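*Asks:* output the structure for:
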Amino acid sequence: MTTRDEDLRERIKHEADELLFEGMHFDAEMQRNVRELAELDRERSRRSRRRSQQRRWLAGAGITVAAALTGLVLLFSQDGVITSPGDPPPGILVGPDDPIAPSPSGSDNELQVLKGYEEAAEAFGSTLKIPGWLPEGFALNEISVTGPRNGKAVEAAFSYVADDRSFGIFTKHVSSAPIQQTGEAVDLSGVTGFLIGGEPITSEELLIPNVELHWYEEGTYYMINGLIDGEQAIRIARSMRSETHND
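*Replies:* Here you go, the predicted structure:
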C-alpha cells in the first residue's frame, strides 16, 4: 500500500465521521459516546496497520459492528420512530482485525461475534434473512448479535467489505412497523422499503455512493447502510431470504 492510499483512507474515514453527525439529532451523552467510539476505532486502526503490513489494505474498509448497532439505537431512540438524518451516515470505517468494543447503548445486552450465518440465525431466530446476492467484489467480513445473556438476540449486524468500500446489513426485532416518513418508496418483492440517498463521499478522483435503505418484514426491521449505490442496495434487499435457503 502506498502513502497515497493510506492518506486517502484516512480522509474517507474523516469525512465519514463528519457525515455521521451532520443533521442527526440526539442527546449530548450519546453523541459523545459515539465520537469516543469513533476515535477508539481510529486508534485501533492505526495500531493494526503498524502490526501487520500484510493486512494493511483492509484498514479502513470494515464496518465497526458496535458502532453500527449504535446507529440502530439512535434510529429507535424515540418510541420506535425512525428519525432519518436526511443524509444517512455511512458506516465508520476501521480495521476489521480490531477487537469489537462493547455496545455503548448502556443496556445489559451483550455483543457476540459469530462465525457464520447459521449461528446468526440460531441466535436471532427464524425471522432472520440474509442476502443471496452481493455487489461484485464484496465479501462477508463479520457478523455480530446483541441480546441478553442466555436469551435470544434482539439485534444482528453483518458487515461486508470490498477494497475501500463497505456496507452493513442491520436487523432488529420490533413489535410493530416503525414510522418512516422520508425517502423514496421502493418495492422489495412485495414489501415497501424506503431509500435515502446521502451525499457521496468524495476524495480526489473518487466519488463513492452512500445510501440507506429501510424496510420492515415479519416482526423484523432491516436497514442496509454504506458505500454502495441505490440500485445495489435494492438488489441486495430483494435477494434477502432465510438462512436455510442459502445453503
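
*Asks:* excluding chain neighbours, give the residue nearest to Asp229 in space.
*Replies:* Distances taken as Cβ to Cβ, 6 or more residues apart in numbering place Pro209 nearest to Asp229, at 4.0 Å, with adjacent residues excluded. C-beta here means a position set from N, CA and C on the backbone, and glycine is covered the same way.

*Asks:* can you tell me how far that neighbour is from Leu140?
*Replies:* Distance of Pro209 to Leu140, computed by Cβ to Cβ, to the nearest Å: 20 Å.

*Asks:* again, but for Ile234
*Replies:* From Ile234 to Leu140 the distance is 20 Å (Cβ to Cβ).

*Asks:* returning to that earlier point: wait, the residue nearest to Asp229 sits on Leu227?
*Replies:* Yes - counting by Cβ atoms under 8 Å, Leu227 is a contact partner of Pro209 at 6.4 Å.

*Asks:* who's more crowded, these two?
*Replies:* Remark: of Pro209 and Leu227, Leu227 carries more neighbours, 25 against 20, as counted by other Cβ atoms under 10 Å.

*Asks:* got a list of what the residue nearest to Asp229 touches?
*Replies:* Gly197, Pro200, Leu227, Ile228, Asp229, Gly230 (Cβ atoms under 8 Å, 6 or more residues apart in numbering).

*Asks:* does the last one touch Asn210 like I think?
*Replies:* Yep, that's Gly230 we're talking about. No - the criterion here is Cβ under 8 Å, and Gly230 misses it with Asn210 at 10.0 Å.

*Asks:* which secondary element of the protein has the worst mean pLDDT?
*Replies:* The weakest-scoring helix or strand in the chain, judged by mean pLDDT, DSSP states H and E, is strand 93-94 (a mean of 33).

*Asks:* which helix or strand lies directly C-terminal to that one?
*Replies:* Next helix or strand after strand 93-94 toward the C-terminus (DSSP states H and E): strand 110-114.

*Asks:* so in that sheet, which strands flank that following strand, and in what orientation?
*Replies:* strand 139-147 (antiparallel) (DSSP bridges).

*Asks:* what are the buried residues along the strand it pairs with?
*Replies:* In terms of neighbour count (16 or more other Cβ atoms under 10 Å), strand 139-147 has its buried residues at Asn141, Glu142, Ile143, Ser144, Val145, Thr146, Gly147.

*Asks:* how about the strands in the protein?
*Replies:* Applying DSSP state E to the chain gives strands spanning 62-63, 93-94, 110-114, 129-130, 139-147, 155-162, 165-173, 184-188, 191-197, 201-203, 206-208, 211-217, 220-226, 241-242.

*Asks:* nearest to Ala123, out of those?
*Replies:* Nearest of these to Ala123, taken as Cβ to Cβ: strand 139-147 at 4.6 Å.

*Asks:* send me that closest one as PDB with only the CA atoms.
*Replies:* Extracted C-alpha coordinates of strand 139-147, given in PDB (Å, rounded to 0.1, in the frame of the first residue of the first chain):
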ATOM      1  CA  ALA A 139     -17.400 -10.400   0.900                       C
ATOM      2  CA  LEU A 140     -18.700 -11.000   4.400                       C
ATOM      3  CA  ASN A 141     -16.300  -9.500   6.900                       C
ATOM      4  CA  GLU A 142     -18.000 -10.000  10.300                       C
ATOM      5  CA  ILE A 143     -21.300 -11.000  12.000                       C
ATOM      6  CA  SER A 144     -22.400  -9.900  15.500                       C
ATOM      7  CA  VAL A 145     -25.600 -10.200  17.500                       C
ATOM      8  CA  THR A 146     -26.600  -8.300  20.600                       C
ATOM      9  CA  GLY A 147     -29.000  -9.500  23.200                       C
END
